[in-house]
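K.L.:
have a look at this prediction, sequence included:
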Amino acid sequence: MFMFLFLVVALAVVVAAVTLAVVGGGDNVVLPEAEGERLHDPLPAGRPVNRADVEALRFPVAVRGYRMADVDDALGRLSAELAERDARIADLESALSGAHASSVTSLRKPEEGEHP
């Protein structure tokens, strides 16, 4: 019987301590709002993005995963740079094929009766 009474009192003390810890002991101090972790655009603004930039890219974790706005911004930046590079590659390939075609015609042997 004594042991049961001791356990009830110990349980009441633990519940009271936890309640005081959760409530804050009666202080009415409001905790300041914590700023969420934000992505500070680790992709370089002054130069094109390279492989090391993409590999070093880490998104801060939010309550349900990653912040969609941060991921959307980074993916938008990467897709714009890839589109720009694709356009540049297409321009260079067309210029190269044009230069190759003109060099082939200029290196061709003139046929009989044809002036160089």
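P.N.:
Cool, got the structure.
K.L.:
so which bits of stretch 60-67 are buried?
P.N.:
For stretch 60-67, a neighbour-count test (16 or more other Cβ atoms under 10 Å) marks residue 67 as buried. Using the backbone N, CA and C atoms, a C-beta is placed for each residue, glycine as well.
K.L.:
helices and strands around the lengthiest helix in the chain, which ones?
P.N.:
Of all the segments of type helix in the chain, defined by DSSP state H, the longest one is helix 68-107. For helix 68-107, there is no helix or strand it packs on, judged by 3 or more Cβ pairs under 8 Å, 6 or more residues apart in numbering; DSSP states H and E.
K.L.:
can you give me the buried ones in that helix?
P.N.:
70, 74.
K.L.:
for the record, mean pLDDT for that helix?
P.N.:
For helix 68-107, the mean per-residue pLDDT is 86.
K.L.:
report the secondary structure state of residue 22.
P.N.:
Recorded secondary structure, residue 22: helix (DSSP: H, G, I helix; E, B strand; the rest coil).
K.L.:
how close does it sit to residue 101?
P.N.:
Going from residue 22 to residue 101 by Cβ to Cβ, to the nearest Å gives 79 Å.
K.L.:
go on, residue 87?
P.N.:
From residue 87 to residue 101 the distance is 21 Å (Cβ to Cβ).
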